[in-house]
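A.B. asks: coordinates only, no sequence provided:
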């Protein structure tokens, strides 16, 4: 039954993406724009989420919904430290997925720590998430490119 529901969600997600819905708008800000080589800084990913929509967190305890994730372009100059960390997500029991899920409404914030290993690193990649509407349950996968401008001193 869960597999059938999942397939229905995926199918509706593809149909919804054909309409180019973008219920989440991202901004990307480093905790420091000037850093020393060897220093660890935070990369802050913030999404403004449209009313009547919610976004799943990066840490889910159930299978099914697509968690928010980041994929860094492999370049020299920095090293990812730890996992993408959600900042104060809400939690609820979701009958469809049969367990508790973490999610965000209105605004989502995530932090990824990186260690600067060389001067003036190029830190870029893609962030992926799934947003769903509270009106009819329609879910939309989103992918956005990101770039952080960090100079070294």
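C.D. replies: Received it, and whenever you're ready, just let me know what you need. Quantities reported herein were computed from a predicted structural model and do not represent experimental measurements.
A.B. asks: tell me how far the stretch of helix or strand residue 54 belongs to is from the chain's mean position?
C.D. replies: Residue 54 is part of strand 53-56 when elements are defined by DSSP states H and E. Going by C-alpha atoms, centre = their mean, to the nearest Å, the spacing between the C-alpha centre of strand 53-56 and its chain's C-alpha centre is 10 Å.
A.B. asks: same thing with stretch 97-117?
C.D. replies: Using C-alpha atoms, centre = their mean, the distance between the centre of stretch 97-117 and that of its chain works out at 6 Å.
A.B. asks: for that stretch, what does the pLDDT average out to?
C.D. replies: Rounded to a whole number, the mean pLDDT of stretch 97-117 is 96.
A.B. asks: what residues sit buried inside it?
C.D. replies: For stretch 97-117, a neighbour-count test (16 or more other C-beta atoms under 10 Å) marks 97, 101, 102, 103, 104, 108, 110, 111, 112, 113, 114, 116 as buried. Where C-beta positions appear, they are placed from N, C-alpha and C, glycine not excepted.
A.B. asks: hang on, the earlier thing: what's the first helix or strand after the strand holding residue 54?
C.D. replies: Next element after strand 53-56 (DSSP H and E): strand 69-72.
A.B. asks: which other helices and strands does that following strand contact?
C.D. replies: Packing partners of strand 69-72 (3 or more C-beta pairs under 8 Å, 6 or more residues apart in numbering; DSSP states H and E): strand 78-86, strand 122-133.
A.B. asks: name the residues of it that are buried.
C.D. replies: Using 16+ other C-beta under 10 Å as the test for burial, strand 69-72 gives 70, 72.
A.B. asks: next: stretch 41-56.
C.D. replies: Residues of stretch 41-56 classed as buried: 41, 43, 44, 45, 47, 49, 53, 54, 55, 56 (neighbour count, 16+ other C-beta under 10 Å).
A.B. asks: quick one, what contacts the spatially most central residue of the chain?
C.D. replies: Centroid-nearest residue in the chain: residue 68, 3.5 Å away (criterion: C-alpha atoms, centre = their mean). When contacts are counted by C-beta atoms under 8 Å, 6 or more residues apart in numbering, residue 68 is found next to 55, 56, 57, 58, 84, 86, 108, 110, 127, 128, 129, 130.
A.B. asks: would you turn those into CSV with distance to residue 25?
C.D. replies: Output for the contacts of residue 68, formatted as CSV (distance: C-beta to C-beta, whole Å):
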residue, distance to residue 25
55, 11
56, 17
57, 18
58, 18
84, 18
86, 18
108, 11
110, 14
127, 12
128, 15
129, 11
130, 15
